[in-house]
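Chemist: How does the following fold in three dimensions:
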Amino acid sequence: MKAEIVLGEGPLTVDDLVAVVDGARVRLGEEARARVARNHEVWLGLGPPDILARKETWLLGIEGVGAPQAQRVSTFVRCHCAGVGPPLATALVRALMLTRASQLSQGLSGVRPELIDLLLEMLNAGVHPVIPSLGSVGAAGDLAPLAHLAEVAFRLGGKAERGGVVRGYAEAMEGLPSFTPEPKEALSLINGATLTAAMGALAAHRARRLLRTAERTLSMSMEVVLADAGCLDPRALASRGHPSAVESAARVAASLEGSALVQAGRSPDAFSVRCAPAVHGAAWDALEYTERVITRELNGACDNPLVFEDGAVEAGNFHGAPVALTLDHLKVALTQVISIAERRVYRLTYGRLTGNLPSFLLEGSGVNNGFMLAQYTAASLVSECKGRCFPASADSIPTGQHAEDHVPMGPNAARGLLHITEDAASVLAIEALVAAQGLEFRREGRSFQADGTPVQGPKVALAPAVGAALATVRAVAPRWIDDRVLHRDLAAVATLVRGGAFAQGDGGRGW
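Modeler: Residues are numbered from 1 along each chain as shown. The predicted structure is shown next:
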């Protein structure tokens, strides 16, 4: 993990954002500072301060042009603090703060560098405003969440977590520089589809880890079912012209190097095995597109109006459609990946489909349930994810007295995607746990006749990478001999998935 991130020295990446979420320090680079300061001077040059004040009042739709600036800012910010629901997790708050700072650092919002410094100093000090998670449609920016942030940052009210304790805004902000917003700065802080991008960035980071994990759990299942290696043939995959499928299959094939159980030339497998490279490749394509869009958003001027050298421009850059659409796409892609994984779990727990292993992968399954309920849980989670695949971005409920007559519901798309990543981690953990049980039989050379009679064959060495994955499971979930509480094993392996333990070099902190 990087120790420090500098805004303005190259594009901010998803990995940079994750580093700051995990605690890396961040500061505004000198080039970006100069750019922002110059843009602020341009904004001031558009007219005398009183004209700017009237312009801001008009932009904000607040009565009383003659009211003091501080009163107008307080009224504006606090009237937008309309969020409801449980607070955003600390990781999401940190991602939100960094994303907004990066967008303002593009130098087109007319704000002072000190506003960006304030957000970054809050991050470095671990001051995380308490922000309700619900209430944004993602159109004129993620107004409510950002207003709750602004309320604390400007010391107007609210609460913030600092040092693991939720405190009043004054105590939480103690020791940080005070900041009195000038015209447009309050508007610019809350006027961007920033929560959508921040949540999407974290979801994309999770998705990358999940897709790597899915490749590893696929290789485990392929050894259990004695799969035909033909489905990984790079010639066949390349002939279709989808490079992500070729690359994903190559990683699975590398995991199976040295396998005596997966061989070419066998009868073709069911689609949940044979077609996995196509499904995984399509999901990688969806993720690549999502990361590309989110990176643009992290480094773009998501604000209105924008300040250029020859004047301010009213446009629609605060609308969250570009991110919302791609997050809905990724929701479907991840659900496909765990849907095909659940079908493999079903096959692993059904003796007739594995061919010669006991049903539910436990001897004496007439007395023991084995992993029967693990497949039930996987089925439930996949079904829930299918429900969340409804495209939030296809829904629009007009707001703002019909001036805001089209909204993208981006936060809803992002929130649905984050839920899917959580369920996906559990489904892939189930595949890893169930496949590990099947691998125990395979490496011991043990199989079973249709009537349950055991047959002892020669022991078989697993592919080294698959053996390592089995050992990872066994570090937290011992082999099943008789029934026991399944929940503890499922939770333990899911924790490993979230931490990247199966993600082929993408290990790290959990989410």
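Chemist: can you pull out the strands in the stretch 51-200 of the chain?
Modeler: Listed in chain order, the strands found in the stretch 51-200 of the chain under DSSP state E, counting those that start in this stretch are 84-87, 127-129, 132-134, 159-162, 165-168.
Chemist: Quick check: closest non-adjacent residue to His40.
Modeler: Arg112 (5.1 Å; C-beta to C-beta, 6 or more residues apart in numbering). C-betas here are computed from N, CA, C, even on glycine.
Chemist: Quick check: which of the strands of the stretch 51-200 of the chain has the most neighbours on average?
Modeler: Across these, averaging neighbours per residue (mean count of other C-beta atoms under 10 Å) puts strand 127-129 on top, at a mean of 25.
Chemist: Could I get the average pLDDT for that one?
Modeler: For strand 127-129, the per-residue pLDDT values average out at 98.
Chemist: That one: partners in the sheet, and parallel or antiparallel?
Modeler: Applying DSSP bridges, strand 127-129 is found paired with strand 159-162 (antiparallel).
Chemist: For the closest residue in space to Asp285 that isn't next to it in sequence, list the residues it contacts.
Modeler: In this structure, Asp285 finds its nearest non-sequential neighbour in Ser244, 4.9 Å apart by C-beta to C-beta, 6+ apart. Neighbouring residues of Ser244 by C-beta atoms under 8 Å, 6 or more residues apart in numbering: 280-282, 284-285, 288.
Chemist: Distance check, Ser244 against Glu41.
Modeler: In this view, Ser244 and Glu41 are 46 Å apart by C-beta to C-beta, to the nearest Å.
Chemist: Now do the helices in the stretch 101-250 of the chain.
Modeler: Taking DSSP state H, counting those that start in this stretch as the test, the helices found in the stretch 101-250 of the chain are 113-125, 143-153, 169-172, 185-190, 194-224, 234-238, 243-255.
Chemist: Below-threshold pLDDT in this structure: ranges please.
Modeler: Residues of the chain meeting the criterion pLDDT under 70: 47-69, 364-368, 505, 507-508.
Chemist: Any chance of the contacts of Ser244 in TSV with secondary structure as columns?
Modeler: Below are these laid out as TSV (DSSP: H, G, I helix; E, B strand; the rest coil):
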residue	secondary structure
His280	helix
Gly281	helix
Ala282	helix
Trp284	helix
Asp285	helix
Glu288	helix
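Chemist: what about Gly241, how many residues close to it?
Modeler: Gly241 has 8 neighbouring residues, counting by other C-beta atoms under 10 Å.
Chemist: and what of the one 5 residues further on?
Modeler: Summarising burial for Val246: neighbours were counted as other C-beta under 10 Å, giving 20.
Chemist: And Gln456, by the same measure?
Modeler: What Gln456 shows, counting by other C-beta under 10 Å, is a neighbour count of 9.
Chemist: Show me what counts as buried in stretch 318-331.
Modeler: 318-331 (16 or more other C-beta atoms under 10 Å).
Chemist: care to break the protein down by domain?
Modeler: Following the assignment in automatic domain parsing, the chain carries domains at 4-192, 210-300+317-397+418-498.
Chemist: Gly311 is nearest to which of those domains?
Modeler: Proximity to Gly311 (C-beta to C-beta) singles out domain 4-192 among the domains of the chain, at 6.6 Å.
Chemist: how long is the closest one end to end?
Modeler: 25 Å (C-alpha to C-alpha, to the nearest Å).
Chemist: now do stretch 159-168
Modeler: Rule used - C-alpha to C-alpha; the end-to-end distance of stretch 159-168 is 5 Å.
Chemist: What of stretch 295-312?
Modeler: End-to-end for stretch 295-312, by C-alpha to C-alpha: 25 Å.
Chemist: What of stretch 439-456?
Modeler: End-to-end distance for stretch 439-456, by C-alpha to C-alpha: 15 Å.
Chemist: what comes into contact with that stretch?
Modeler: Applying C-beta under 8 Å, 6+ apart, the contact partners of stretch 439-456 are 220, 223-224, 261, 351, 356-358, 361, 363, 457-462, 466-467, 470, 479.
Chemist: just the strands in the stretch 351-500 of the chain please.
Modeler: For the stretch 351-500 of the chain, strands defined by DSSP E, counting those that start in this stretch occupy the ranges 446-448, 454-456.
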